[in-house]
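>>> Next comes the sequence, and after it the predicted model I'd like to discuss.
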Amino acid sequence: MTTTVPHTATPEAVFDAAVAADERIEPRDWMPDAYRATLVRQIAQHAHSEIIGMQPEANWITRAPSLRRKAILMAKVQDEAGHGLYLYSAAETLGVDREELLDKLHSGRQRYSSIFNYPTLTWADVGAIGWLVDGAAITNQVPLCRCSYGPYARAMVRICKEESFHQRQGYELLLALSRGTEAQHAMAQDAVNRWWWPSLMMFGPPDEQSAHSGQSMAWKIKRHSNDELRQRFVDICVPQAESLGLTLPDPALRWNEERGHYDFGPIDWDEFNEVLRGNGPCNAERLAQRRAAHENGAWVRDAATAYAAKHATAHQEDRA
Ligand code: BYC
């Protein structure tokens, strides 16, 4: 941060002035403990979502209907792994260890996004995830490019560019199905019916029940409330659904001239809370697969550590 405050200012006053001036807080700057803890919680949850989010779609790589679709899907799933890496690195700048974060994910002490606890039943789900889930992710994440914490904000710039490609591939896939045979159209519609409401839940609980929003917005970690972003997403999706020739499964969806937004029906928050409690359709399966992947990858981590140690020793010997 570069804000000029009196020489005698407390670290807290320097921090507050930097946030007020829309400057970035950097890893070596003083920051309140609760600011650090909030960032670790959110960034870790975000990183976990990226790597758990690889599972539902990876499920379809071997069954993609063409070489082109397979190549696109593989690239997308690899991107999610990359996003996880940027985000774990951003979290590490706050003084936490990646192993510790993964351990908290595996033991259920840290969360990942509710959306990844739903199954991918048909090929059209790959399109619905791209259009709706990545679309919701972009709506949520573009404002995070202006987050007050520098390493998180910078990671988000690159992630958003890639998410934009992900969203477009989902839209294009659904468009092809929607304009295809009757059965393909029905498959696309069914996928949208199943993914619509869980996508709206991705933005988090309603504002009046959001424990962290007030403080996170005061610190400019979050720039908009959960409900504001959810509304923005609905407004974007309605005309896109029309262009796709698909409907959104909400009879209450209609333009409200007075508000200048689409009204939409009530969200089933009981379902959301059940998923958060670990009782969604795929919670157990996702965590089991993640733990197994971690255990199966132990030899790669061991080999990389041994290789790094060998090179460090060789480097020291060269200098001796
Ligand atoms: N799922 O006070 P609130 C993606 C928790 S996908 C699970 O409003 P906050 C991708 C929340 O953690 C998306 N838990 O919290 C796309 C808190 O519990 P704790 C990943 C949720 O943090 C395609 C409690 O509910 N994106 O990127 O102010 C393929 C109260 O909530 C959810 C991000 O993580 C949920 N949906 O706001 C692959 C974006 N919603 O922690 C990957 C960054 C809320 O007190 N994160 N909770 O136990 C954020 O923007 C914010 O953390 C949220 C929640 C808007 C999600």
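Cool, got the structure. Residues are numbered from 1 along each chain as shown.
>>> check contacts around I72.
Q169 (C-beta atoms under 8 Å, 6 or more residues apart in numbering). No exception for glycine: its C-beta is placed from N, CA and C like everyone else's.
>>> Just confirm it is within a strand.
No. Remark: I72 does not belong to a strand; assigned using DSSP: H, G, I helix; E, B strand; the rest coil, it is helix.
>>> what about the residue of the stretch 51-200 of the chain found nearest the ligand, distance to A21?
As assessed by C-beta to the nearest ligand atom, the ligand sits closest to G53 within the stretch 51-200 of the chain, at 2.7 Å. G53 sits 35 Å away from A21, going by C-beta to C-beta, to the nearest Å.
>>> thinking again about what came up before, quick check, the residue of the stretch 51-200 of the chain closest to the ligand in contact with N117.
No. With contact defined as C-beta atoms under 8 Å, G53 and N117 do not form a contacting pair (10.8 Å).
>>> anything in the lengthiest helix in the chain near the ligand?
Taking DSSP state H as the assignment, the helix of the chain that covers the most residues is helix 150-178. No. Contact between helix 150-178 and the ligand is absent, the nearest approach being 6.6 Å (criterion: C-beta under 6 Å from any ligand atom).
>>> Identify each buried residue in the next helix or strand after that helix, please.
Helices and strands here follow DSSP states H and E; after helix 150-178, the next one along the chain is helix 182-201. By neighbour count with 16 or more other C-beta atoms under 10 Å, helix 182-201 contains the buried residues 184-185, 187-192, 194-201.
>>> do the same with stretch 269-284
Buried-residue list, stretch 269-284, by 16+ other C-beta under 10 Å: 272, 274-275, 280, 282-283.
>>> between G53 and A21, which one's more packed in?
G53 (24 against 12; other C-beta atoms under 10 Å).
>>> Next, the angle helix 182-201 makes with the longest helix of the chain.
150 degrees (axes from the mean of the first three to the mean of the last three C-alpha atoms, to 10 degrees).
>>> now for helix 150-178, which elements pack on it?
helix 67-92, helix 124-128, helix 134-141, helix 182-201, helix 226-244 (3 or more C-beta pairs under 8 Å, 6 or more residues apart in numbering; DSSP states H and E).
>>> could you redo the last one with a cut-off of 10 Å?
Secondary-structure packing of helix 150-178 (3 or more C-beta pairs under 10 Å, 6 or more residues apart in numbering; DSSP states H and E): helix 33-52, helix 67-92, helix 124-128, helix 134-141, helix 182-201, helix 226-244.
>>> TSV please, covering the ones you listed and showing mean pLDDT.
Below are those laid out as TSV (pLDDT from 0 to 100):
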stretch	mean pLDDT
helix 33-52	98
helix 67-92	97
helix 124-128	98
helix 134-141	97
helix 182-201	98
helix 226-244	98
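>>> possible to save the buried residues of stretch 269-284 as TSV with pLDDT and distance to the ligand?
Converted to TSV, the buried residues of stretch 269-284 look like this (pLDDT from 0 to 100; distance: C-beta to the nearest ligand atom, whole Å):
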residue	pLDDT	distance to the ligand
F272	98	7
E274	98	12
V275	98	7
G280	97	10
C282	98	13
N283	98	11
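>>> Inside strands: which ones of these?
Among the buried residues of stretch 269-284, DSSP state E puts none in strands.
>>> Tell me which entries of those residues lie within helices.
Per DSSP H, the subset of those in helices is 272, 274, 283.
>>> Give me the pLDDT for the closest residue to the last one other than its chain neighbours.
Leaving out its chain neighbours, the residue that sits closest to N283 by C-beta to C-beta, 6 or more residues apart in numbering is N117, at 4.8 Å. N117 carries a pLDDT score of 98 in this model.
>>> from here on, count from 7
Noted, 7 is the first residue going forward, which turns the last one into N123.
>>> looking at it, N123 is touching R292, isn't it?
Yes. Between N123 and R292 a contact is recorded at 6.3 Å, counting by C-beta atoms under 10 Å.
>>> Pull up the overlap in contacts between those two.
The contact sets of N123 and R292 overlap at 58, 62, 286 (C-beta atoms under 10 Å, 6 or more residues apart in numbering).
>>> Now tabulate these in a markdown table and tack on distance to R47.
Formatted as a markdown table, these follow (distance: C-beta to C-beta, whole Å):
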| residue | distance to R47 |
| --- | --- |
| I58 | 16 |
| P62 | 24 |
| G286 | 20 |
